[in-house]
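Peer 1: Okay, sequence plus prediction incoming.
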Amino acid sequence: MATFLSGEWFDAVDKIRAEVGDVPTPPALEGVQINVTVTGHPDGEEINVNMDGGDFDREHIDAAPATLTIPFEIAQKMFVENDQQAGMQAFMAGQIQVEGDMSVVMKVQAAGPPSEEAKALAKKISEVTD
């Protein structure tokens, strides 16, 4: 198992994505790019990642219209455990900061529940996540 957002974790996720193949992107997420800065990583560093059309990847995107800053524990609940309630609670408590175009962030909320394919992918990812 690998620590969420570590290089080893991304390598494992890349392998899973290659095995699973294409997972349909909800229409509401097509073209949506958001940078995410995760604070408090167990390795002691901030981790910069991005969401691009529903996929999660390394580094920030130069032209992304919004950036979220999220504590590690909340990010793991949101992105690995698919616990959107944790995300909403953290946002309302001020634990998630948004810079840039808030309407882009709202598009993620409008995407609706994940597809069966996305749930299966998330389950495989959670199985390799520490």
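Peer 2: Cool, got the structure. Numbering: from 1, shown residues only.
Peer 1: right, and the helix or strand after the helix ranked longest in the chain?
Peer 2: In the chain, with assignment by DSSP state H, the single longest helix is helix 7-20. Using DSSP states H and E, the helix or strand that follows helix 7-20 in sequence is strand 33-39.
Peer 1: which residues sit against whatever helix or strand comes next after that following strand?
Peer 2: Heading C-terminal from strand 33-39, the first helix or strand you meet, by DSSP H and E, is strand 47-52. Residues outside strand 47-52 that contact it (CB atoms under 8 Å, 6 or more residues apart in numbering): 5, 32-38, 41, 56-61, 64, 108. To be clear about C-beta, it is placed using only N, CA and C from the backbone, and glycine gets the same treatment.
Peer 1: Strand 47-52 vs helix 7-20, what angle?
Peer 2: Interaxial angle of strand 47-52 relative to helix 7-20 (axes from the mean of the first three to the mean of the last three CA atoms, to 10 degrees): 20 degrees.
Peer 1: in its sheet, what does whichever helix or strand comes after strand 47-52 sit against?
Peer 2: Per DSSP H and E, strand 47-52 leads on to strand 55-58 as the next helix or strand towards the C-terminus. Sheet pairing of strand 55-58 (DSSP bridges) gives strand 47-52 (antiparallel).
Peer 1: residues contacting the residue most central in space within the chain?
Peer 2: Geometric centre of the chain, nearest residue: F79, 4.4 Å, by CA atoms, centre = their mean. Listed by CB under 8 Å, 6+ apart, the contact set of F79 reads F4, F56.
Peer 1: any idea how far D57 is from P114?
Peer 2: Distance of P114 to D57, computed by CB to CB, to the nearest Å: 18 Å.
Peer 1: swap that for L121, sorry
Peer 2: 14 Å.
Peer 1: These two: which has the busier surroundings?
Peer 2: Neighbours were counted for L121 and for D57 using other CB atoms under 10 Å; L121 has more, 19 against 14.
Peer 1: So that one versus I96, what's the distance?
Peer 2: Taking CB to CB, one finds L121 at 24 Å from I96.
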